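K.L.:
Predicted coordinates and the sequence they were generated for:
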Amino acid sequence: MLPLLLPENREKTIIVISPLKSLENDQAKRFDDMGLQAVVVNGDTRSKKRVLADIAARKYRVVFMSPEMATENHECVETLRTMGLRRDILAFIIDEAHCISQWGGDFRPTYSKLHKVRTYVPPGTSISALSATLAPKPFAEVETGLLINPLRAFYLNRGNDRPNVKMSMKLINSSEDYATLDSELRLQDVRNPDNIPKTIIFAERRMDVQRIWDHLRKRVASSLERCIDFVHAGRTVPARDEALERFKSGQTRILVATECVAMGTDIPDVRRVIQFGIPNSLTTFLQRAGRGGRSDSIQAEAVLFAERSAFQVQRPRGAARNGHPGDQDSQTDTEDDDEQPTYKKKVEDALRLWMEATDCRRRVADKHFNNPPRPLNSTLEAPGAESIPGSPSKRPRMAPSSARRSNEPGLPLVRTGRHRSAAIAALQDWRSVLRNGRYASAPFSIFVVLPDELIRSVTYDARIQTLQQLQEKPAAASWAFLKSHGQELLDILRKVDEDYMASRRKGWRRRGVPDLENVPEVIGEDEDDRLIESWSYKDDTLRGRDVQDQVFDLDTMDNGRPALYTQGGIQSRVSTATLLHQERRRTHAPVHHASALQAWGTGLPSFRSRIEPTALAPPPSLTGWFSLSPSTRSMLFPFSTPSFPTGITSAESHASASMSRSSVSRP
């Protein structure tokens, strides 16, 4: 609104593209109340030719229209082009811009054609995309769909967290378990309508809306039936408008609705929002939850009523009849996308993470929407998480694979262990270089340049060698930079594979694993699911070159960038821990346990001086323990000489810059 108040813009018009008629009417009324003439042009507009003539004559300062009117209606398009030639259009504003990604397919295909509005106006005319629920992935799609140049655009990210809206989840037996609402609303004993908190109940289907409305009306006294109403697109426009006005005024206390009330409806005193049934995305749920607590002076709540089937694993067809215990794959290092169970009810990944969170759910939402950082209460538990079936506080651990690796060098079909970790590190480094170099001024975050989901997928499957094979991966289908950087990604993976094969061939000896002297024994897992390995040396000697990389594999680490050490065909990765200098390893000097040094951390590089011999008390048996848990961040090497090697080093921490998404409105 502010640009319209400037003197130089007094004869200019702003065009607002809005997804819903109710939203257009509501916002137009607001502008009229502020003294700025506004008009709505949609399928319900009467005397459309006269209204368009008034728009061309600059009678209105703000024009609200749908994507269909702006791109497909011939009369409307010609009016906009005429105004564009006269430079009468100050800006195009795409409200609820996440709809470009969410609805731009078969549902509202015109949303994918909004880039056409650029042809109506001279270059340099402002085009703004606003949304309060725009995650990084749809952010990139909006940017591409509107032909926004990231190097010339301005971005503002206010986040979408609503601290005055408490969010929780409750389970229902099915999508028709309307009786569950009774315990939440407690309408049976209500006699005064003012005792009913103003509530919006969202459902996915019109039939569900009417059934919930009918169910609730039967639970209240006859004098209170008019306090419950419903709104969906099947009602006439006057009926919808009347229902919303009654709800705004407080005559209606409970409004059952579909998506038509979810966007843009600004009713400040809504204290409770109920989502009955799992919606299609976390974006949809937070958009609807944002209808509550519009006034910062009230405390509101948003409750997701989720079907139990969303947490029940679906047994594969024929598994109970033909399955055998030994048929299960024993390999534990599998691609993340392939090891997820199949649930009876399909739920978007981000929404499932939110639903299954055991601590503060705002962390999940903040990460998904790239919200600005702020302090959160780490001691909070997610309401309703304790009732999720089949969701223990600690997931059961997988038994170690009994499969032995082949002792012949050759590129495997999948990357695992140290090989995959090196590939992940290489792609993360490349992503940082791109983001901080070529896209240093770009608005999107590092996760848009190369999403973590895509990194996990392509680093596992070593069969991906061509762009065609890369495009077939589901995680790559929505990657915004597939065409521009796809081949570069493949080249990086190919280099990692070459280095891996070279390390395996270096000093290769055709010896079976049982013949090796220093074979680690997996004795358990620590609290972070990292393997703890016990290494025994038969002749009190660290025979580094005799142990092939198949068994000498220190691939567990935290989020830090790995430091890579190579000796005799061995490449080991550590984070803040250290590794004995390779010169010391070449000497095959006897080494003993350093019991006095129980924790080596990030300050280890300062220990370059000699250690007094009294600090070294060799244990009865020469056993080295390697624990790479983040809590200890240590690696204990046995040694007998009272000095540290001079080659101590530590890994650098991996820092990634992130940019904010575009969001200037609140849900």
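P.N.:
Received, thanks. Quantities reported herein were computed from a predicted structural model and do not represent experimental measurements.

K.L.:
so who does the residue nearest to residue 283 when sequence neighbours are not counted touch?
P.N.:
The shortest distance from residue 283 to any non-neighbouring residue, by Cβ to Cβ, 6 or more residues apart in numbering, is to residue 133 (4.4 Å). Where C-beta positions appear, they are placed from N, C-alpha and C, glycine not excepted. Counting by Cβ atoms under 8 Å, 6 or more residues apart in numbering, residue 133 makes contact with 98, 160, 283, 286, 287, 290, 369, 667.

K.L.:
now, which of these sits nearest residue 193?
P.N.:
Closest to residue 193 out of these is residue 290 (25.0 Å), distances taken as Cβ to Cβ.

K.L.:
Kindly state the pLDDT recorded for that closest one?
P.N.:
Reported pLDDT at residue 290 in the predicted model: 92.

K.L.:
how many neighbours does it have?
P.N.:
25 (other Cβ atoms under 10 Å).

K.L.:
is it true that it touches residue 132?
P.N.:
Yes. Between residue 290 and residue 132 there is a contact at 6.7 Å, judged by Cβ atoms under 8 Å.

K.L.:
hmm, back to that, how much space separates the residue nearest to residue 283 from residue 310?
P.N.:
From residue 133 across to residue 310, the span is 21 Å (Cβ to Cβ, to the nearest Å).

K.L.:
same thing with residue 186?
P.N.:
In terms of Cβ to Cβ, residue 186 sits 26 Å off from residue 310.

K.L.:
got it, and residue 242?
P.N.:
36 Å.

K.L.:
of these two, who's got more company?
P.N.:
Between residue 242 and residue 310, counted using other Cβ under 10 Å, the more crowded position is residue 310 (20 against 15).

K.L.:
where's the closest residue to that one other than its chain neighbours, which helix or strand?
P.N.:
Using Cβ to Cβ, 6+ apart and skipping the chain neighbours, the partner closest in space to residue 310 is residue 345 (4.3 Å). For residue 345, there is no host helix or strand (DSSP states H and E).

K.L.:
rewinding a little: with respect to residue 91, which of the contacts of residue 133 is nearest?
P.N.:
Among the contacts of residue 133, and counting by Cβ to Cβ, the member closest to residue 91 is residue 98, at 19.3 Å.

K.L.:
Shouldn't residue 201 be within a strand?
P.N.:
Yes. Applying DSSP: H, G, I helix; E, B strand; the rest coil, one finds residue 201 inside a strand.

K.L.:
can you tell me which residues contact the residue nearest to residue 310?
P.N.:
278, 307, 309, 310, 312.

K.L.:
quick one: residue 21 and residue 42 touch, right?
P.N.:
Yes. Counting by Cβ under 8 Å, residue 21 does reach residue 42; the two are 5.5 Å apart.

K.L.:
quick one: common contacting residues for the two?
P.N.:
Joint contacts of residue 21 and residue 42 (Cβ under 8 Å, 6+ apart) are residue 66.

K.L.:
Which strands or helices does the lengthiest helix in the chain pack on?
P.N.:
Secondary structure of the chain read by DSSP state H shows that its longest helix is helix 482-505. Identification of packing neighbours for helix 482-505 by 3 or more Cβ pairs under 8 Å, 6 or more residues apart in numbering; DSSP states H and E yields helix 417-436, helix 452-460, helix 467-471.

K.L.:
most packed of these?
P.N.:
helix 452-460 (a mean of 21; mean count of other Cβ atoms under 10 Å).

K.L.:
Next, the angle helix 482-505 makes with that one.
P.N.:
Using axes from the mean of the first three to the mean of the last three Cα atoms, to 10 degrees, the direction of helix 452-460 lies 40 degrees away from that of helix 482-505.

K.L.:
Quick one: mean pLDDT over helix 452-460.
P.N.:
pLDDT averaged over helix 452-460 gives 87.

K.L.:
Now do the contacts for the residue nearest to residue 136 when sequence neighbours are not counted.
P.N.:
Excluding the flanking residues, the one nearest residue 136 by Cβ to Cβ, 6+ apart is residue 448, at 4.9 Å. Going by Cβ under 8 Å, 6+ apart, residue 448 touches 136, 137, 139, 140, 480.

K.L.:
Check whether residue 464 really touches residue 458, as I assumed.
P.N.:
Yes. Between residue 464 and residue 458 there is a contact under Cβ under 8 Å: 5.8 Å.

K.L.:
what residues do those two have in common as contacts?
P.N.:
The contact lists of residue 464 and residue 458 share 470, 473, 493, where a contact means Cβ under 8 Å, 6+ apart.

K.L.:
for these, which one is nearest residue 36?
P.N.:
Using Cβ to Cβ, the shared contacts of residue 464 and residue 458 come closest to residue 36 at residue 473, 49.6 Å.

K.L.:
Could you check how far the nearest residue to residue 463 once chain neighbours are set aside is from residue 423?
P.N.:
Nearest residue to residue 463 in three dimensions, chain neighbours excluded: residue 413, at 5.8 Å (Cβ to Cβ, 6+ apart). According to Cβ to Cβ, residue 413 stands 14 Å off from residue 423.

K.L.:
Residue 292 now?
P.N.:
With Cβ to Cβ as the criterion, residue 292 and residue 423 are 45 Å apart.

K.L.:
same thing with residue 296?
P.N.:
48 Å.

K.L.:
Same question for residue 154.
P.N.:
Counting by Cβ to Cβ, the gap from residue 154 to residue 423 is 37 Å.

K.L.:
now residue 491
P.N.:
Distance from residue 491 to residue 423, by Cβ to Cβ: 12 Å.

K.L.:
With residue 293 instead?
P.N.:
Residue 293 is 45 Å from residue 423, by Cβ to Cβ.

K.L.:
what's the answer for residue 302, then?
P.N.:
41 Å.

K.L.:
what's the answer for residue 91, then?
P.N.:
The gap separating residue 91 from residue 423 is 45 Å, by Cβ to Cβ.

K.L.:
State the number of residues packed around residue 128.
P.N.:
For residue 128, using other Cβ under 10 Å, the count is 18.

K.L.:
Check which helix or strand the nearest residue to it once chain neighbours are set aside maps to.
P.N.:
Leaving aside its sequence neighbours, residue 128 sits nearest to residue 93 (Cβ to Cβ, 6+ apart; 4.8 Å). Assigned by DSSP H and E, residue 93 falls within strand 89-94.
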